[in-house]
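*Asks:* Pasting a predicted model and its sequence here:
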Amino acid sequence: MRVALVDRPIDVGTLISEASDPSCGACVMFLGTVRDTNEGRPVTGIEYSAYRGMAEREMAAIANEAEERFGVSRLVIEHRLGSLTLGDVSVAVVAAHAHRAPALDANRYVIEELKHRVPIWKLELYTDGTRAWVGAGSGIAGGDSGMDDAVGPPHISVIGKTEVAP
Amino acid sequence: MTVTVLLFASYADALGKSSMQLEVAPGSTVRDILSTLSALPGGHRLPPRPLVAINEDYASIGTELRGGEEVAVIPPVAGG
């Protein structure tokens, strides 16, 4: 298992080689890429930033959970930071297992948890020169977590959700 | 006692800085830190109950601080 935040392009081929193993009959890769529109606005790129230490810890925690839940023996997660342009790969998750179902399930689990828990942020850049933080809502006060005394992020059961694309 | 407060993304923009040292009274909690931040210039733009992490672990609003901690105020995350 390996997780990393990287400041360079994600090398998809290397990740597949890293996760693959003769004991695994299934290797599943998810790639998140920079899309050209968001909520109807034309996007030219995204600047990714993170709380690096905590982000890598959370990614490692998610990877451990996936290994425990689904028994995947080979799992690699890389998330890129910095300025990305359209089509660039922002995140890659590779999970390998003897059989396809656990590999698919583990991959889905990792990307959904990552999107809900890992402290990474997107600053979207638009064709009209404006920019906005994704998820901050119309006013940043819209970002209230509703946290009361609960420990941890607002946790949502993500398996079975229909939205996958970043 | 002193704690280091880290701000990110939209919250850093709101307060115009990404980190600061805060002098807090013994027995202070996360709630007190948020209250102090909200009184700073731009602080009204923070939500009343943002996510907070202490030394890189998510924490509850009532968590008491001992001094020396890194208290991160975490905007809605958007990785992927």
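*Replies:* Right, received. Where do you want to start?
*Asks:* Where do the helices of chain B begin and end?
*Replies:* Defined through DSSP state H, the helices belonging to chain B, from first to last, are B:9-15, B:30-38.
*Asks:* Chain A too?
*Replies:* Along chain A, the stretches classed as helices by DSSP H are A:12-19, A:52-70, A:100-117.
*Asks:* which one of those is the most hemmed in?
*Replies:* The highest average neighbour count among these, using mean count of other Cβ atoms under 10 Å in any protein chain shown, belongs to helix A:100-117 at a mean of 21. Bear in mind the C-beta positions are built from the backbone N, C-alpha and C, glycine included.
*Asks:* then that helix to PDB, C-alphas only?
*Replies:* Provided in PDB are the C-alpha atoms of helix A:100-117 (Å, rounded to 0.1, in the frame of the first residue of the first chain):
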ATOM      1  CA  ARG A 100     -12.700  -8.300  -9.600                       C
ATOM      2  CA  ALA A 101     -15.400  -7.600  -7.100                       C
ATOM      3  CA  PRO A 102     -13.200  -6.600  -4.100                       C
ATOM      4  CA  ALA A 103     -10.900  -4.600  -6.400                       C
ATOM      5  CA  LEU A 104     -13.900  -2.700  -7.800                       C
ATOM      6  CA  ASP A 105     -15.500  -2.100  -4.400                       C
ATOM      7  CA  ALA A 106     -12.200  -1.100  -2.800                       C
ATOM      8  CA  ASN A 107     -11.500   1.400  -5.500                       C
ATOM      9  CA  ARG A 108     -15.000   3.000  -5.200                       C
ATOM     10  CA  TYR A 109     -14.600   3.100  -1.400                       C
ATOM     11  CA  VAL A 110     -11.300   4.900  -1.600                       C
ATOM     12  CA  ILE A 111     -12.300   7.600  -4.000                       C
ATOM     13  CA  GLU A 112     -15.600   8.400  -2.300                       C
ATOM     14  CA  GLU A 113     -13.900   8.600   1.200                       C
ATOM     15  CA  LEU A 114     -11.100  10.600  -0.200                       C
ATOM     16  CA  LYS A 115     -13.500  13.200  -1.600                       C
ATOM     17  CA  HIS A 116     -15.300  13.500   1.800                       C
ATOM     18  CA  ARG A 117     -12.500  13.300   4.300                       C
END
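*Asks:* Give me the helices and strands touching it, please.
*Replies:* Using 3 or more Cβ pairs under 8 Å, 6 or more residues apart in numbering or on different chains; DSSP states H and E as the contact criterion, the secondary-structure elements in contact with helix A:100-117 are strand A:26-33, helix A:52-70, strand A:74-80, strand A:89-97.
*Asks:* what about 6 Å?
*Replies:* strand A:26-33, helix A:52-70, strand A:89-97 (3 or more Cβ pairs under 6 Å, 6 or more residues apart in numbering or on different chains; DSSP states H and E).
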